[in-house]
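Asks: Got a predicted structure plus its sequence, pasted below:
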Amino acid sequence: GQQVMQIPQYQHVQEGEDFTTYCNSSTTLSNIQWYKQRPGGHPVFLIQLVKSGEVKKQKRLTFQFGEAKKNSSLHITATQTTDVGTYFCAGPGAGNNRKLIWGLGTSLAVNP
Amino acid sequence: EPEVTQTPSHQVTQMGQEVILRCVPISNHLYFYWYRQILGQKVEFLVSFYNNEISEKSEIFDDQFSVERPDGSNFTLKIRSTKLEDSAMYFCASSATLLAREQYFGPGTRLTVT
């Protein structure tokens, strides 16, 4: 069945270092969404990418959607302790937007 | 800012018992969802609901599960006969329309089945 894969599963960085998580779908996606879940919290929507090759920035976060619309990445420049959490990518189920297929997430730990 | 609310925050139940998890989606939203997340694992889609009927459900959402929108504000998930493996965090989410694809999540209900 349709799968969304994310790597790495865990990442430890020193504060100030950069961080990247990669997301790959087994199928072409109409859009991809990124969510952040703080420890003990609930997923919070960050952004949605729709167009092939799209790049969006939110302050230190840069999101990319691949040309083939099957992969995406989230890059954080100069991480801060507030960036700690798990970052999930999610894409709509094949043929409809009525469900989201989620990646396993990348858990980011930032050492001060 | 409008938010999705869920009650209770934590529910402990014995195996075989029925539980009802409650959610109040954002008031002008039309699409509602239930997800579950076993501790430390990924978020798993259970069911989506629109216009008073199920739009999509996953293979997890078997006959033990049901959803209902009993009135204009609440959205409930019922598990008829809980199993140990149902222990998880259950998140409700809502979205404004099918085209507004971002989903807004509630704080979750932690279900512990003993």
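Replies: Yep, it's here.
Asks: any idea of the pLDDT on B:Phe49?
Replies: What the model reports for B:Phe49 is a pLDDT of 92.
Asks: again, but for the one 4 residues further on
Replies: At B:Glu53 the predicted local distance difference test score is 91.
Asks: beta partners for the residue most central in space within chain B?
Replies: Centroid-nearest residue in chain B, with Cα atoms, centre = their mean: B:Trp34, separated by 3.1 Å. Beta-bridge pairing of B:Trp34 under DSSP bridges involves B:Val47, B:Cys92.
Asks: host element of the closest residue to A:Leu74 other than its chain neighbours?
Replies: Leaving aside its chain neighbours, A:Leu74 sits nearest to A:Thr21 (5.1 Å; criterion: Cβ to Cβ, 6 or more residues apart in numbering or on different chains). In short, each C-beta sits where N, CA and C put it, glycine included. Taking DSSP states H and E as the definition, one finds A:Thr21 inside strand A:19-25.
Asks: Show me what that strand is packed against.
Replies: strand A:4-7, strand A:10-14, strand A:71-76, strand A:85-92, strand A:106-111 (3 or more Cβ pairs under 8 Å, 6 or more residues apart in numbering or on different chains; DSSP states H and E).
Asks: Identify the residues contacting the least confident helix or strand in chain A by mean pLDDT?
Replies: Here the helix or strand of chain A ranked lowest by mean pLDDT, DSSP states H and E is strand A:100-102, holding a mean of 87. For strand A:100-102, the surrounding residues in contact (Cβ atoms under 8 Å, 6 or more residues apart in numbering or on different chains) are A:2-4, A:25, A:33, A:88-93, B:42-45, B:103.
Asks: Wait, B:Val4 touches B:Thr109, no?
Replies: No: taking contacts as Cβ atoms under 8 Å, B:Val4 lies outside contact range of B:Thr109: 11.7 Å.
Asks: neighbours of residue 8, just the number please.
Replies: Using chain A. A count of nearby residues for A:Pro8, using other Cβ atoms under 10 Å in any protein chain shown, gives 12.
Asks: To clarify, I was referring to chain B.
Replies: The burial count for B:Pro8: 13, using other Cβ under 10 Å.
Asks: What values do phi and psi take at it?
Replies: Note on B:Pro8: backbone dihedrals following degrees, to the nearest 10 are phi -80, psi 170.
Asks: Can you name the residues of chain B sitting close to chain A?
Replies: Counting by Cβ under 8 Å from any Cβ of the partner chain, the residues of chain B close to chain A are B:31, B:33, B:41-45, B:48, B:50, B:55-56, B:58, B:91, B:98-99, B:101-108.
Asks: now with 7 Å?
Replies: Applying Cβ under 7 Å from any Cβ of the partner chain, we find that chain B lies next to chain A at B:42-43, B:45, B:48, B:55-56, B:91, B:98, B:101-108.
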